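Visitor: Got a sequence here, can you model it:
(one chain, ligands or ions: 3)
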Amino acid sequence: MTPTHPSRASGADIELAARRMMPGPDEVQQRLAFLEFGPEDHALLHLLHERLAPQLEPVIGEFYRHLHAEPELRALLADERQFDKLQHAQLHYFSTLTAGRVDADYVCDRARVGLAHQRIGLAPHWYIGAYRKYLATLLPRVAAVLEEQPELVAPAFGALAKMACFDLGVALDTYIASDRAELNASEERFRAAFGQAAVGLAQLDANGHWLRTNHKLQQILGYSEAELAAMTLADLLHAEEQRGDMLGLHSVLAGRMDLYSREARYRHKDGHLVWVNATFSPMRTDDGALGLIAVVEDIARRKQYEQELMMLANHDVLTGLANRGLLLDRLAQATHQARRSGRPVAVLFFDLDRFKYINDSLGHDAGDQVLVELAGRLSRTVRGGDTVARLGGDEFVVLLPELAHADDAALIGHKLLAVLGQPMMLLGQEITPAASVGISLAPKDGSDGPSLLKNADAAMYRAKRQGGSRLQFYAQEMNARSLDLLKLEASLRHALERDEFLVHYQPQIAVDTNQIVGVEALLRWQPPGRAMVLPADFIPVAEETGLIGMLGQWVLEQACRQQAAWTRAGLRPVRVAVNLSARQFRSEQLVQGVAGALAASGCPADCLELELTESVLMENPEAATAVMQQLSEMGVQLSIDDFGSGYSSLAYLKRFPINALKIDRAFVRDIPADADDAAIATAVIALAHSMKLTVVAEGVETAAQLEFMRERRCDLVQGYYFSRPVPPDQLAALLTRRERG
Ligand code: C2E
Ligand code: MG
Ligand code: MG
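Guide: Ligands and ions are numbered 1, 2, ... in the order given. Predicted coordinates for the structure are as follows:
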């Protein structure tokens, strides 16, 4: 073909490359010698050159028609202007061919042809074919111009053929050399990219042998290149994963898939598994056989994040137990399986008893510690297939799928309660956790997770109402309880409007003088036409719903008014003690409310005592101290109620501006029979006295208890032995009697 085909490289660029690649003068001589090109050929070409010159144009015309008939070549020659230019160049080319002057320019020109064709990717067979056409078209013309010397036709044509062969040789050699150089360069680039890639790369044969691996892959897997070369892909795979991979790779090799990609765990040399994303696509190996190229990414980090996210989404952060979402999943699975197996599923709903006290008195960190410890105890006690979940707060659920028998739920429940109830040390104190457990069973108490949970919760609530630290199975009527609560809240609201509350007073007697020196105001609810309701049954709901704010202020005002009324009635002034709830104590309106009640009633500040519980104080000792300071400065007396039932620290007790300690009834009840209680009461009295505090014994019911208190120098006693809490007029009567007696 021609030396001037359009090329992607510039002409100057190709010219330079051609000069670099073309054979030198010695080699040109050698080639010509091998073609047996001698002086006589030279002379013959010279002869032809002159005679053929006028013939060249039609020769080239015919030559081009031939090329044009071939669609692939026509596409290259399409442009007409280009076509003309080419024909012109061809004319020059062919005329130099017959000129027989094989100098450097000539050789370079031929090398350029090969190079240009290599660059545009035109295969050599077109080139050889074109030469054939050229010679064939020329042959009759050679014969014609040598009509008079027929004996010269063959040698002249032979010379022409030698020259054509020389041209062809230079062009093809350059073509091949250029092709190889390009290949080498691209192989070089590939090798560099392969070696330095930030992902693992490998070439494998069709049987999964590692033919070539890059540095990164060796690093991911921990093997050297040589070690990998002796292994196959299957050696790195878990047996379970092998089959799937082999199928995928066969599909790629068979051409059914362009690539096969998946996340897998490969076994590292040191035995651990590494998460990778491996992608395989087909690639010929060096010897031309079909193989694979693998791209192996290390995705350990991403997997770890994924797992952490999964963990976060499904687990309770504090304890690591399953959360509600995961529990519901497991419940759905368990109930589904139970339908097939016919075995019961049990849901055990745990709620810790008195957990609020731990949180309030020892702080939330301590509370968290308890939750973590108990979560661990539950997890260690159940079996592998069981689920322990935390629903938040102090609520835990244990799911027991596929029980052999429904009775097992109670056995396991009791066992778990016993484990939870083991004492533990917390901030140097021994505490004994306890819980209430409600149990629901599928299919009896519900066929789906949410209703099983709801019913176990209802049963737990019943267990709690029965005093806690026990286990209760669900029974249908239990769902009434949430309804009760709603009703109770509504009636409480009305009760305040309708004046259904009363305050009863219980006297406090000075042990040494036997005089009533104080009274405790105790709230009562008297719904019309129904039995009197005691505070334990409605104060918690009032507290929960916020109603306690109004109710508490009402009691405060009522008590102050009553104190002033008794004094006005000519009775000796007594101090009135009012209980404050946690919420009331936290309220910012407290100090103002107290001042208001005092001012409105005319009750002197030192005749009002406010009773606080330990847990309320310990919840936030700093804030409590500040509020107490304000109240104390007003002259109001402060006492700690139910002392001994909470977890208050003595160190703090010293800091609070308090006047009195009330020993919890629980320690008085079994005195003098119970030696422990007697010892505790004795110690509390001594302690209080050492801190210059007044001590009140609550719940004194017997003469023996009174005697005990007298011997220990307890200051005041309060209890049924003297009087139950009574309406104001009855208390006035008691006061009058004592005045006289
Ligand atoms: P508390 O402050 O410890 O009150 C003493 C409780 O012990 C009263 O129960 C009283 O009736 C009872 N009690 C007194 N002497 C004896 C006795 O010898 N034997 C026995 N078994 N019990 C005795 P009550 O009136 O049922 O009050 C229970 C709790 O309700 C009170 O305990 C107090 O914490 C709370 N409470 C009562 N009134 C109010 C109030 O106005 N506001 C707030 N926030 N809480 C109140
Ligand atoms: Mg009290
Ligand atoms: Mg008390």
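Visitor: Kindly report the residues of this structure close to ligand 2.
Guide: Residues of the chain found near ligand 2, taking C-beta under 5 Å from the ion as the criterion, are Asn579, Glu611, Asp641. Glycine gets a C-beta too; all of them are placed from N, C-alpha and C.
Visitor: Can you tell me which one of these sits lowest on pLDDT?
Guide: Lowest pLDDT within the residues of the chain next to ligand 2 is found at Asp641 (92).
Visitor: so it touches Ala660, yeah?
Guide: No. Using C-beta atoms under 8 Å as the test, Asp641 is too far from Ala660 to be in contact (9.4 Å).
Visitor: ok, back up a step: now, among the residues of the chain next to ligand 2, which is nearest to Arg267?
Guide: Using C-beta to C-beta, Asp641 is the member of these that lies nearest Arg267, at 66.6 Å.
Visitor: What separation do you get for the closest one and Thr319?
Guide: Separation of Asp641 from Thr319 (C-beta to C-beta, to the nearest Å): 34 Å.
Visitor: And the strand ranked longest in the chain, what does it pack against?
Guide: With secondary structure taken from DSSP state E, the chain has its longest strand at strand 273-284. With contacts taken as 3 or more C-beta pairs under 8 Å, 6 or more residues apart in numbering; DSSP states H and E, strand 273-284 sits against strand 200-205, helix 215-221, helix 239-253, strand 260-267, strand 290-298, helix 300-314.
Visitor: Name every strand pairing with it and say which way it goes.
Guide: When sheet partners are counted by DSSP bridges, strand 273-284 sits next to strand 260-267 (antiparallel), strand 290-298 (antiparallel).
Visitor: and the angle for the first one with helix 239-253?
Guide: Our comparison of strand 260-267 with helix 239-253, counting by axes from the mean of the first three to the mean of the last three C-alpha atoms, to 10 degrees, yields an angle of 150 degrees.
Visitor: Give the buried residues for strand 260-267.
Guide: By 16 or more other C-beta atoms under 10 Å, the buried positions in strand 260-267 come out as Tyr260, Ala264, Arg265, Tyr266.
Visitor: Now do the end-to-end distance for stretch 610-629.
Guide: End-to-end distance for stretch 610-629: 13 Å, by C-alpha to C-alpha, to the nearest Å.
Visitor: Mind listing residues that contact it?
Guide: Stretch 610-629 has contacts (C-beta atoms under 8 Å, 6 or more residues apart in numbering) with 356-357, 360-363, 520, 577-582, 585-586, 590-591, 594, 631, 636-643, 645-649, 652, 655-658, 662.
Visitor: Now, these that are in helices?
Guide: 356-357, 360-362, 582, 585-586, 590-591, 594, 631, 652, 655 (DSSP state H).
Visitor: how about those in CSV, adding distance to His125?
Guide: Listed next are these as CSV, based on distance: C-beta to C-beta, whole Å:
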residue, distance to His125
Lys356, 94
Tyr357, 97
Asp360, 95
Ser361, 97
Leu362, 93
Ala582, 99
Phe585, 102
Arg586, 97
Leu590, 105
Val591, 107
Val594, 111
Leu631, 110
Tyr652, 102
Arg655, 105
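Visitor: So among those, where is pLDDT lowest?
Guide: Minimum pLDDT across those is recorded for Tyr652, with 68.
Visitor: For ligand 3, see how far away the closest residue to ligand 2 within the stretch 201-350 of the chain is.
Guide: The nearest approach of the stretch 201-350 of the chain to ligand 2 comes at Phe350, 30.9 Å away (C-beta to the ion). The gap separating Phe350 from ligand 3 is 29 Å, by C-beta to the ion, to the nearest Å.
Visitor: on that earlier part again, any chance of TSV for the strands paired with strand 273-284, columns distance to Ala185?
Guide: Shown next, in TSV, are these (distance: least, C-beta to C-beta, whole Å):
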stretch	distance to Ala185
strand 260-267	30
strand 290-298	20
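Visitor: what's the spacing between stretch 714-722 and its chain's center?
Guide: When C-alpha coordinates are averaged (C-alpha atoms, centre = their mean, to the nearest Å), stretch 714-722 and its chain have centres 60 Å apart.
Visitor: got the end-to-end distance for stretch 232-244?
Guide: By C-alpha to C-alpha, one end of stretch 232-244 lies 15 Å from the other end.
Visitor: Then stretch 309-324?
Guide: Termini of stretch 309-324 sit 16 Å apart (C-alpha to C-alpha).
Visitor: Among the strands paired with strand 273-284, which comes closest to Gln307?
Guide: Nearest to Gln307, of the strands paired with strand 273-284 and by C-beta to C-beta, is strand 260-267 at 12.5 Å.
Visitor: what angle separates that closest one from helix 300-314?
Guide: Angle between the axes of strand 260-267 and helix 300-314 is 90 degrees (criterion: the same axes, to 10 degrees).
Visitor: got a list of contacts for strand 260-267?
Guide: In contact with strand 260-267 (C-beta under 8 Å, 6+ apart) are residues 220-221, 235-238, 241, 244-245, 248-249, 251-252, 273-281, 296, 299, 303.
Visitor: Switch the helices and strands packed on strand 273-284 over to CSV; also include distance to Leu45 and mean pLDDT.
Guide: Listed next are the helices and strands packed on strand 273-284 as CSV, based on distance: least, C-beta to C-beta, whole Å; pLDDT from 0 to 100:
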stretch, distance to Leu45, mean pLDDT
strand 200-205, 53, 92
helix 215-221, 60, 94
helix 239-253, 57, 82
strand 260-267, 62, 90
strand 290-298, 51, 92
helix 300-314, 74, 83
